[in-house]
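1. Could you look at this predicted model? Sequence included:
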Amino acid sequence: LDIEGTNVKSFYETITDIASGEYHKEILSAEELIQETIKYSHAFVGDTKLNLYNLRCEYSTRLLQRLIINIVTNSRKAQDNSLDVRFFLKPNLVTTNNEEFFELMIDDDGPGLPESILKNGWGKEKSRWGGSGIGMANHARIIKEQFGGQLIPARVVDNEGYVYRGARVILQLPIIKGNP
């Protein structure tokens with residue numbers, strides 16, 4: 001997977017697409033979201049008891065691809081451009097204010113996110129490796145404004161509360177009710 005230099009181009013194309021209305025919203029199953037994420041991150045998927053085919057969300061395959069490329073690029077740069085970065089996916093369901101959301105947790109095995117991002121969310125601060133810092137902030141804004149979801153920075157924590165090395169990015173999208 002060659003993604004060097006794609007971040008700036010991808011960001012520019014995303015902004016251009018949104019401004020022109022050229023990207024389109026799609027109804028995707030949770031399974032499709034996971035498969036697209038695996039395609040661009042080569043992630044391992046944890047066991048799940050969820051019926052992923054019946055969970056549907058509104059999103060854009062093109063924006064998902066760009067988000068995953070951004071996450072992979074950031075993770076590799078945080079680990080000195082290492083190609084030996086492992087990604088793990090964990091699907092989940094959550095309910096907030098009586099609304100159900102599908103969560104896709106994307107974990108890496110790197111040094112973790114800076115404390116300022118964990119406290120304040122995706123901002124426009126510069127990254128540790130000299131990036132502009134606006135890529136993830138813009139993805140978070142698009143996910144919130146266009147799809148009613150969230151892009152949440154977090155620590156990698158297991159069910160018992162043990163904190164592991166690495167960064168966690170949580171893509172959270174509202175579930176569409178009704179028959180597929």
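-> Received, thanks.
2. drop to CA atoms for contacts and neighbour counts, all remaining ones
-> Will do.
3. The closest residue to residue 56 other than its chain neighbours: how many residues sit nearby?
-> Distances taken as C-alpha to C-alpha, 6 or more residues apart in numbering put residue 29 closest to residue 56, at 4.2 Å, once the chain neighbours are dropped. Residue 29 is flanked by 22 other residues according to other C-alpha atoms under 10 Å.
4. wait, residue 29 sits on residue 55?
-> Yes - in this structure, residue 29 is within contact of residue 55 by C-alpha atoms under 8 Å, at 5.5 Å.
5. Least confident secondary structure element in this protein?
-> One helix or strand of the chain scores below all others by mean pLDDT, DSSP states H and E: helix 6-20, with a mean of 56.
6. List the neighbouring strands of the helix or strand that that helix is followed by plus their orientation.
-> Heading C-terminal from helix 6-20, the first helix or strand you meet, by DSSP states H and E, is strand 26-29. Paired with strand 26-29 in the same sheet, following DSSP bridges, are strand 56-59 (antiparallel).
7. just checking, next helix/strand downstream of the host helix or strand of residue 31?
-> Here residue 31, judged by DSSP H and E, is contained in helix 30-41. Sequence-wise, the next helix or strand downstream of helix 30-41 (DSSP H and E) is strand 44-45.
8. Partner strands of that next one, with direction?
-> By DSSP bridges, strand 44-45 pairs with strand 87-96 (parallel).
9. can you list contacts of the strand it pairs with?
-> When contacts are defined by C-alpha atoms under 8 Å, 6 or more residues apart in numbering, strand 87-96 is touched by residues 34, 41-48, 50, 100-109.
10. Please pick the buried ones from the residues you listed.
-> 34, 41-43, 45, 100-109 (16 or more other C-alpha atoms under 10 Å).
11. And the helix holding residue 31, what does it pack against?
-> Under the contact criterion of 3 or more C-alpha pairs under 8 Å, 6 or more residues apart in numbering; DSSP states H and E, helix 30-41 touches helix 61-78.
12. packing partners for the helix it packs on?
-> Short answer (3+ C-alpha pairs under 8 Å, 6+ apart): helix 61-78 packs on helix 6-20, helix 30-41, helix 135-147.
13. what's in contact with the last one?
-> Right, the one you point to is helix 135-147. By C-alpha under 8 Å, 6+ apart, the residues outside helix 135-147 that reach it are 7, 11, 58-59, 67, 70, 122-124, 149-152, 173-174.
14. What's the ChimeraX line that selects buried ones from the residues you listed?
-> Selection of buried members from these for ChimeraX, criterion 16+ other C-alpha under 10 Å:
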select :7,11,58,59,67,70,122,149,150,151,152,173,174
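15. Let me know the pLDDT of residue 100.
-> Predicted confidence (pLDDT) for residue 100: 90.
16. partner strands of the helix or strand it falls within, parallel or antiparallel?
-> Assessed by DSSP H and E, residue 100 sits inside strand 99-108. Strand 99-108 sits in its sheet next to strand 87-96 (antiparallel), strand 163-174 (antiparallel), going by DSSP bridges.
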